[in-house]
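[1] Output the structure for:
(chains A, B, C and D)
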There are 2 protein chains.
Amino acid sequence: MGERAPLWHRVPDLAALELLLAVARLGSLGRAAAELGISQPAASGRIRTMEKLLGVPLVERSPRGSRLTRAGALVTDWARRVVEAAEAFDAGAQALRADRDSRLRVAASMTIAEYLMPGWLIALRAARPDTAVSLLAGNSQFVAERLLAGDADVGFVEGPALPPGLDGAVIARDRLVVAVAPAHPWARRSAPVRAEELAATPLILREEGSGTRQVLDDALGRHAAPLLELASTTAVKAAAVGGMGPCVLSELALTEELSTRRLVEVPLADVTLTRRLRAVWRPGPHPAGPARDLLALTRTPTR
Amino acid sequence: MGERAPLWHRVPDLAALELLLAVARLGSLGRAAAELGISQPAASGRIRTMEKLLGVPLVERSPRGSRLTRAGALVTDWARRVVEAAEAFDAGAQALRADRDSRLRVAASMTIAEYLMPGWLIALRAARPDTAVSLLAGNSQFVAERLLAGDADVGFVEGPALPPGLDGAVIARDRLVVAVAPAHPWARRSAPVRAEELAATPLILREEGSGTRQVLDDALGRHAAPLLELASTTAVKAAAVGGMGPCVLSELALTEELSTRRLVEVPLADVTLTRRLRAVWRPGPHPAGPARDLLALTRTPTR
DNA sequence: TCCACTCATAACCGCGCCTTATGAGCTCAT
DNA sequence: ATGAGCTCATAAGGCGCGGTTATGAGTGGA
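    Residues are numbered from 1 along each chain as shown, chains lettered A, B, ... in the order given. Model prediction:
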C-alpha cells in the first residue's frame, strides 16, 4: 500500500463531499449551502476548490440552478460511498461514546461490532431516532460477563454454542470463505476444492483460539496446517491479496475484497464452514423496548 | 436521510483517520507522523483532538510506543473503510482528470464506471504503478463512439449485444436482483417469487430505456408495470429502503444495502435476470500493453 | 420593467493546525 | 549508576484556509 503523496491532498474533505451530494440532490448551490448551514459563497468556493483539486468541472452553473456534469455525477457517486462509510463510522463512534446511562446498552463480539453494528445502528436511528445506544465490544466471554453483570441489555456473539447462563436466538449464519488472489491457481479451478485437499493445504489463518480457527478445525476434523498465522483480519487479507496463499475468513470480512475481485472465492465441495450469529440476553422473557427494536432489525427472515 | 447536526463535526477528517491507521500499523505516534510527513506534536495533537471528538481514548501511550485500546481498534476498523472509500474516490478522480495523453484510455458505461472501475484502477495501480489511466463514462453508444473514433483503447459495456463494429469478450455477468425492505412481506416469504407474480407486481424501477429495464422486460416477456420510475440508482434504492415496494437493480448497486440488510433479496423461481458485462475494443487482435493488463484484472475466471 | 432567483467577486477576519523548541518519563546498555 | 535513545506532552508563535457579510451581474418570469 505504498502511496507517494498523502491521500488527503488529493481527496476533498468530508464537508466538501457532503456538499456535493447536497448540490446533486437539491440542484442549487445556495440551497445546498443553506441545508448545511453555511453561506452561499462558502459553498460556491468549496465546489470551486474541489473542481480545481480534481481538475474536472463538476457542476454546470446556470441562473436557474446547478446541475451535475457527467463527470460530476460519477464523482458524486464515488463521494456517496465515502460519506456512507463516514456515516457508519459516526454511528459506531456515537455508540462507543454514549455512556452507560443510554437507553440501550449493547455488548457485541468484535467481528459483529466491526462489520454489522454500524449498519444496525444506522437502521435503528432511522426507525427510532430517540434511542441512544451504547456499545461494548469484546470476545464472547466478555459479552456474557457484561450481560450477567447487568452492564448490557443485549449481546451478540458468534460461535457454535450459546454461552452458559444466557438465553438467545440465532439471528444469522456466518459463512467462512476460502479466498485467493485472482492470480492464484485455485482462482481458475473448475472443480471445487474438497475437504481433504483443503486440510492438506497450508492456509493463511487467524491465530489459534480465534472463532474462525475453531470452526475450520471442526469442519476439517483436524487441525488445519497454517502457512501463516496472523493476529488481525486485516493482516490475513493483506497476505492473501499479496498472493501468499489461500486464506479463510468470514464472508463479512471479505465482502469488499470479493466484490472488487481483489480476492476470489474458492468453491468447496464437501465442507460447509458456517457458524451461527446469536443475539443473547439474560434468561427470561424476550427483551422488550429498545432491545426488541434492535433485534427486529437483526433477525434474518426465515429463508 | 435528515441529519440534525452536520456530519463533518462528528467525524474526524480523512487526514486524522489515515493517521490513526498509521499509528495502528506502526505502533508509534512519532513514526506515524514521519510517514505522513508531519511533525510528531502535530500527530499527537491530532489524535488527541480525535479522542476528544469521539469521547473515547483511542491509543494507549507508553514510553515504548502507542497501542490501540479496544475501542481504538474498533474505531480503526471503521476508519479503514472510510479511507478505502476515499482511495477508490481518488483512483477514479485521478482517471477522470488524466488527459487524453494517458497511456491507457478507457471508456466505460456508467454502471461499470461507478461500481467497478475504482477497484480495477486500484488493482492496476498496484500491478503497474506507472500506467496513467484516463476514464470516459457514458452509455453504450457513447463508449462505442469513443472507441471507433480512436479516443479510447478499451471500453466496457453492459447489455445483451456486442455493439456493432467492435470486438469484445464477456468479462462478467451482472445479475439483476429484486430487493425489498426487511419490513416488506416478500422479505419473509419462504417460497420464491415466480415470473408471473413479479410481472403482476408494481415495481420501483429505473426509467424506460435503461439497461436494467430492458433486461427485465425481456425476462418477463412483457413490460413490467412500474410503481415508480426514477432517474437514478440512488433514488430507486432510497424508495425501496423506505418501504415503497420491491425494486429491481443490479447486484453491483445493491451489495452494500444487502450486506447491511437495509434491503433483502427476494429469491426468484423461474426467471434469471442476468446481463453480460463486456470488454470491447476496435476489431482486430486482442489489445496488448496496458489495455491487456487491465483486461487481465477484469476477466472472470472460468467458473 | 422590475422582481426573484441564480451564482460570483471582494474584503475582512478569526480559528485551527502546523511548526520548532523544549521537557519529562521510561528502558536499556555500558 | 548514569547517560543515550526512544517515547509522548507542552508551550509559543505564525501562517493560511475557509468562513462571513456585502455587493454585483446575469437570466427568466410576472
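
[2] Let me see the domain layout of chain A.
    A:7-99, A:104-298 (automatic domain parsing).

[3] and these, which one is worst for confidence?
    When the domains of chain A are compared by mean pLDDT, domain A:104-298 comes last with a mean of 91.

[4] anything in it near chain B?
    Yes: Domain A:104-298 reaches chain B (Cβ under 8 Å from any Cβ of the partner chain) through A:110, A:113-114, A:116, A:118-120, A:122-123, A:137-138, A:182, A:187-188, A:190, A:234, A:252, A:255-256, A:259-262, A:264, A:267, A:297-298. The C-beta positions use only the backbone N, C-alpha and C, and glycine is treated the same way.

[5] The domains of chain A into a markdown table, with extra columns for mean neighbour count?
    What follows is the domains of chain A, written out as a markdown table (neighbours: other Cβ atoms under 10 Å in any protein chain shown):
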| stretch | mean neighbour count |
| --- | --- |
| domain A:7-99 | 19 |
| domain A:104-298 | 18 |
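
[6] In TSV: these, plus distance to residue B:106.
    Below are the domains of chain A laid out as TSV (distance: least, Cβ to Cβ, whole Å):
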stretch	distance to residue B:106
domain A:7-99	13
domain A:104-298	16
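
[7] Show me the one of those that comes nearest DNA strand D.
    domain A:7-99 (3.3 Å; Cβ to the nearest atom of the strand).

[8] Can you check the distance spanned by the closest one, start to finish?
    End-to-end distance for domain A:7-99, by Cα to Cα, to the nearest Å: 34 Å.

[9] mind checking how far residue A:180 is from DNA strand C?
    Distance, residue A:180 to DNA strand C, using Cβ to the nearest atom of the strand, to the nearest Å: 39 Å.

[10] wait, I meant residue A:37
    Counting by Cβ to the nearest atom of the strand - residue A:37 and DNA strand C are separated by 15 Å.

[11] Get me the contact residues on chain A for DNA strand D.
    A:13, A:15, A:37-42, A:45-46, A:49, A:63-64 (Cβ under 7 Å from any atom of the strand).

[12] can you give me the strands in the stretch 1-150 of chain A?
    A:59-62, A:65-68, A:104-109, A:133-138 (DSSP state E, counting those that start in this stretch).

[13] Show me what the first one pairs with in its sheet, parallel or antiparallel.
    Think strand A:59-62. strand A:65-68 (antiparallel) (DSSP bridges).

[14] now the partner strand: how far from the chain's centre is it?
    33 Å (Cα atoms, centre = their mean, to the nearest Å).

[15] same thing with stretch A:254-269?
    Using Cα atoms, centre = their mean, the offset of stretch A:254-269 from its chain centre is 15 Å.

[16] got a list of contacts for that stretch?
    Identification of contacts with stretch A:254-269 by Cβ atoms under 8 Å, 6 or more residues apart in numbering or on different chains yields A:177-182, A:184, A:186-187, A:189, A:191-195, A:198, A:237, A:240-241, A:246-247, A:251, B:81, B:84, B:116, B:118-120, B:122-123, B:252, B:255, B:259, B:297-298, B:300-301, B:303.

[17] From these, which land in helices?
    A:195, A:198, A:237, A:240-241, A:251, B:81, B:84, B:118-120, B:122-123, B:252, B:255, B:259, B:297-298 (DSSP state H).

[18] returning to that earlier point: now flag whichever of the residues of chain A next to DNA strand D is closest to DNA strand C.
    residue A:41 (3.2 Å).

[19] In helices, which of the residues of chain A next to DNA strand D appear?
    Short answer: these in helices (DSSP H) are A:15, A:40, A:41, A:42, A:45, A:46, A:49.

[20] Against DNA strand C, which of the residues you listed make the cut? List them.
    Of the residues in these, proximity to DNA strand C by Cβ under 7 Å from any atom of the strand holds for A:40, A:41, A:45.

[21] so can I have JSON lines of these showing distance to residue B:285?
    Converted to JSON lines, these look like this (distance: Cβ to Cβ, whole Å):
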{"residue": "A:40", "distance to residue B:285": "55"}
{"residue": "A:41", "distance to residue B:285": "55"}
{"residue": "A:45", "distance to residue B:285": "50"}
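
[22] now, which of the residues you listed sits nearest residue B:148?
    residue A:45 (40.6 Å; Cβ to Cβ).

[23] Apart from its neighbours in sequence, what residue is nearest residue A:299?
    Closest residue in space to residue A:299, ignoring its immediate chain neighbours: residue A:171 at 5.1 Å, by Cβ to Cβ, 6 or more residues apart in numbering or on different chains.

[24] from memory that neighbour sits against residue A:295, does it?
    Yes: Residue A:171 lies in contact with residue A:295 (Cβ atoms under 8 Å); the separation is 7.4 Å.

[25] okay, and the common contacts of those two?
    Counting by Cβ under 8 Å, 6+ apart, the residues touching both residue A:171 and residue A:295 are residue A:279.

[26] quick one, what contacts the residue nearest to residue A:299?
    A:156, A:277, A:278, A:279, A:295, A:298, A:299, A:300.

[27] wait, isn't the third one in contact with residue A:169?
    In other words, residue A:278. Yes: counting by Cβ under 8 Å, residue A:169 is a contact partner of residue A:278 at 6.5 Å.

[28] what residues do the two have in common as contacts?
    With Cβ under 8 Å, 6+ apart, residue A:278 and residue A:169 have no common neighbours.

[29] follow-up on the earlier one: residue A:202: which of the residues of chain A next to DNA strand D is nearest?
    When the residues of chain A next to DNA strand D are compared against residue A:202 (criterion: Cβ to Cβ), the nearest one is residue A:13, at 43.8 Å.

[30] how about that closest one, what does it touch?
    Contacts of residue A:13 by Cβ under 8 Å, 6+ apart are B:8, B:13, B:14.

[31] can you list the residues that contact stretch A:44-53?
    A:10, A:12, A:15, A:16, A:19, A:20, A:23, A:29, A:33, A:57, A:58, A:59.

[32] go with 7 Å
    Residues from elsewhere that reach stretch A:44-53 (Cβ atoms under 7 Å, 6 or more residues apart in numbering or on different chains): A:12, A:16, A:19, A:20, A:23, A:29, A:57, A:58, A:59.

[33] So the residue of the stretch 201-303 of chain A found nearest chain B versus residue B:165, what's the distance?
    For the stretch 201-303 of chain A and chain B, the shortest gap (Cβ to the nearest Cβ) falls at residue A:260, measuring 3.2 Å. Counting by Cβ to Cβ, to the nearest Å, the separation of residue A:260 from residue B:165 is 31 Å.

[34] ok, now residue A:103?
    In terms of Cβ to Cβ, residue A:103 sits 63 Å off from residue B:165.

[35] Same question for residue A:258.
    35 Å.

[36] tell me the secondary structure for residue A:163?
    coil (DSSP: H, G, I helix; E, B strand; the rest coil).

[37] Please name the nearest non-neighbouring residue to it.
    residue A:144 (4.0 Å).

[38] For that neighbour, list the residues it contacts.
    Contacts of residue A:144 (Cβ under 7 Å, 6+ apart): A:163, A:165, A:166.
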